[in-house]
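**Student:** attaching a predicted model along with its sequence, questions to come.
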Amino acid sequence: MAKLQVAIDLLTTEEALALAAKVAPYVDIIELGTPLIKNMGTAVITAMKNAHPDKLVFADFKTADTGELEADMAFKAGADLVTVLSTVGNATIIGAVKAAKAHGKGVVVDTIGNPDRVKRAQEVIELGVEFVELHAGLDEQWTPGYSIQVLIDEAARVGVPVSIAGGVNIDNIAAVVKAGVKVAVAGGAIYGAEDSAAAAKALREAIDAVK
């Protein structure tokens with residue numbers, strides 16, 4: 001069964017902790033977004049892991065260089081998973097994986113901005129990463145004509161463990177899961193909802209209902 005990941009694209013530790021407290025019963029992975037970590041530093045990772053030790057804490061570093069060093073920083077702060085960009089050289093990913101192995105944690109490769117997400121996902125999985133995130137960022141999602149169906153189709157044919165991030169919501173979550181993803185990532189559908197807990201609960205129930 002696919003895991004549900006909440007992407008917290010808020011800007012303060014207090015806001016992030018408040019949201020996580022509401023949705024924790026329904027999610028498996030708590031992602032701390034890149035703007036949040038840039039704004040609050042690695043202390044927000046530690047705060048989140050201390051508050052939710054039973055959840056996987058995902059530090060969305062989007063590392064582009066010094067893979068081993070940055071991954072080590074994330075894991076020492078309490079992260080279970082950290083992201084490296086797919087567009088970087090393999091050496092950066094290999095370095096991050098080295099740090100992950102030392103800590104017993106995992107690396108996720110984020111395909112944001114990659115012109116061929118499927119090909120790169122198939123390449124980097126051989127480097128020892130946990131899974132690959134087929135990701136359309138917020139700027140791409142706001143582009144006229146964008147459809148999450150592109151990511152769903154890619155997930156169905158990629159043949160390696162992937163997540164989908166790029167507009168997952170209650171209307172498409174079943175199709176996302178049926179594409180065979182390891183993780184479904186929901187951001188705005190949860191933190192932008194009037195009732196975040198109810199939104200997360202509905203997504204969880206929709207995932208569990210997929211046969």
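**Tutor:** Looks like it came in fine.

**Student:** contacts made by stretch 106-114 with the rest, please.
**Tutor:** 58, 60, 62, 71, 80-87, 93, 96-97, 100, 117, 120-121, 124, 128-137, 140, 163 (CB atoms under 8 Å, 6 or more residues apart in numbering). In short, each C-beta sits where N, CA and C put it, glycine included.

**Student:** can you mark which positions in that stretch are buried?
**Tutor:** Neighbour-count burial for stretch 106-114, counted by 16 or more other CB atoms under 10 Å, picks out 106-112, 114.

**Student:** for that stretch, measure first residue to last.
**Tutor:** This stretch, stretch 106-114, spans 21 Å end to end (CA to CA, to the nearest Å).

**Student:** would you pull up how far it lies from the middle of the chain?
**Tutor:** How far stretch 106-114 lies from its chain's middle: 9 Å, per CA atoms, centre = their mean, to the nearest Å.

**Student:** where do the helices of the protein begin and end?
**Tutor:** Assigned by DSSP state H, the chain shows helices spanning 13-23, 34-40, 43-51, 67-77, 90-103, 117-124, 138-141, 149-158, 173-178, 188-191, 196-209.

**Student:** mean pLDDT lowest for which of these?
**Tutor:** When the helices of the chain are ranked by mean pLDDT, helix 138-141 comes last with a mean of 93.

**Student:** and the contacts of that helix?
**Tutor:** By CB under 8 Å, 6+ apart, helix 138-141 touches 9, 112, 146, 166-167.

**Student:** now do the buried residues in that helix.
**Tutor:** So, applying 16+ other CB under 10 Å, helix 138-141 has no buried residues.

**Student:** and it, how far from the chain's centre?
**Tutor:** Using CA atoms, centre = their mean, the offset of helix 138-141 from its chain centre is 15 Å.

**Student:** got the CA positions of that helix in CSV?
**Tutor:** Output in CSV follows, covering the C-alpha atoms of helix 138-141 (Å, rounded to 0.1, in the frame of the first residue of the first chain):
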residue,chain,number,x,y,z
LEU,A,138,4.8,24.7,-7.9
ASP,A,139,6.1,26.9,-10.7
GLU,A,140,5.5,24.1,-13.2
GLN,A,141,2.0,23.4,-11.8
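
**Student:** got the CA coordinates for the lengthiest strand in the chain in CSV?
**Tutor:** In the chain, taking DSSP state E as the definition, the longest strand is strand 56-63. Output in CSV follows, covering the C-alpha atoms of strand 56-63 (Å, rounded to 0.1, in the frame of the first residue of the first chain):
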residue,chain,number,x,y,z
LEU,A,56,9.5,9.4,8.8
VAL,A,57,10.8,13.0,8.6
PHE,A,58,11.7,14.0,5.1
ALA,A,59,14.2,16.9,4.7
ASP,A,60,13.6,18.4,1.2
PHE,A,61,17.2,19.8,0.8
LYS,A,62,17.2,19.5,-3.0
THR,A,63,21.0,19.2,-2.7
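
**Student:** what's it packed up against?
**Tutor:** Applying 3 or more CB pairs under 8 Å, 6 or more residues apart in numbering; DSSP states H and E, one finds that strand 56-63 makes contact with strand 29-32, helix 34-40, helix 43-51, helix 67-77, strand 81-85, strand 106-110.
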